[in-house]
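Chemist: Got a sequence here, can you model it:
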Amino acid sequence: MLLPSVHLPLVQELSMADVALVVTTLAVFALVALVAKGVAKL
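Modeler: Below you'll find the predicted structure:
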């Protein structure tokens with residue numbers, strides 16, 4: 001977990017963590033959207 005108060009000198013690790021977080025968030029959002037559409041069709 002990355003804390004706002006912790007400043008790591010490795011910017012690349014922070015960038016990778018940010019990318020992973022965004023990808024995970026988008027994946028979850030897409031999954032929820034698909035489930036919502038499936039329930040709406042019922």
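
Chemist: what ranges do the helices span in the protein?
Modeler: Assigned helices in the chain, in chain order: 11-41 (criterion: DSSP state H).

Chemist: Low-confidence ranges, it, go.
Modeler: Filtered on pLDDT under 70, the chain yields the residue ranges 1-14.

Chemist: can you rerun that using 50?
Modeler: In the predicted model, the chain carries no residue with pLDDT under 50.

Chemist: List every C-alpha atom in stretch 33-42, with coordinates, as CSV.
Modeler: Output for stretch 33-42, consisting of C-alpha atoms alone and laid out as CSV, is shown next (Å, rounded to 0.1, in the frame of the first residue of the first chain):
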residue,chain,number,x,y,z
ALA,A,33,-21.5,-2.4,-15.5
LEU,A,34,-21.8,-5.9,-17.2
VAL,A,35,-23.6,-7.3,-14.1
ALA,A,36,-25.9,-4.3,-14.0
LYS,A,37,-26.8,-4.8,-17.7
GLY,A,38,-27.4,-8.5,-17.2
VAL,A,39,-29.7,-7.8,-14.2
ALA,A,40,-31.6,-5.1,-16.2
LYS,A,41,-32.3,-7.6,-19.0
LEU,A,42,-34.0,-10.0,-16.5
